[in-house]
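# 3D, please:
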Amino acid sequence: MPQMAPLWWEVLFMLFMLSFFMMNIIMFFNLKMKNKNKLMKLIMVNQFKWKW
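Residues are numbered from 1 along each chain as shown. Got it, this is the predicted structure:
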């Protein structure tokens, strides 16, 4: 079985690292948006109508 050249190992490593970071970035912003929407709904529900 032929061995992989060192350059191909680096390309494979970079591919995995790029996909890992991209997935983390997507998950981070996805969760951030969900939490922001929940927070906005919570604020809208809990607003008090003050009568002076």
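
# which SSE is Gln3 in?
Using DSSP states H and E, Gln3 maps to neither a helix nor a strand.

# can you count the residues close to it?
Look at Gln3: counted by other Cβ atoms under 10 Å, it has 7 neighbours. (C-beta placed from N, C-alpha, C; glycine too.)

# again with Ile26
Neighbour count for Ile26, taken as other Cβ under 10 Å: 10.

# next one: the one 5 residues further on
Residue neighbour count, defined by other Cβ under 10 Å, stands at 10 for Leu31.

# How about Met14?
Neighbours around Met14, by other Cβ under 10 Å: 10.

# One more: the one 4 residues further on?
Burial of Leu18, expressed as a neighbour count using other Cβ under 10 Å, amounts to 10.

# And Trp9, by the same measure?
By the criterion of other Cβ under 10 Å, Trp9 has 11 neighbours.

# SS state for it?
helix (DSSP: H, G, I helix; E, B strand; the rest coil).

# Quick check: it vs Asn30, distance?
32 Å (Cβ to Cβ, to the nearest Å).

# Next: Met23.
10 Å.

# What of Phe16?
Distance from Phe16 to Asn30, by Cβ to Cβ: 21 Å.

# And for Met4?
35 Å.

# Please, where are all the helices along the protein?
With helices called from DSSP state H, the chain shows them at 6-45.

# residue ranges with poor pLDDT in it?
1-2, 32-52 (pLDDT under 70).

# please redo it, this time with the cut-off set to 50
Residue ranges of the chain with pLDDT under 50: 1.
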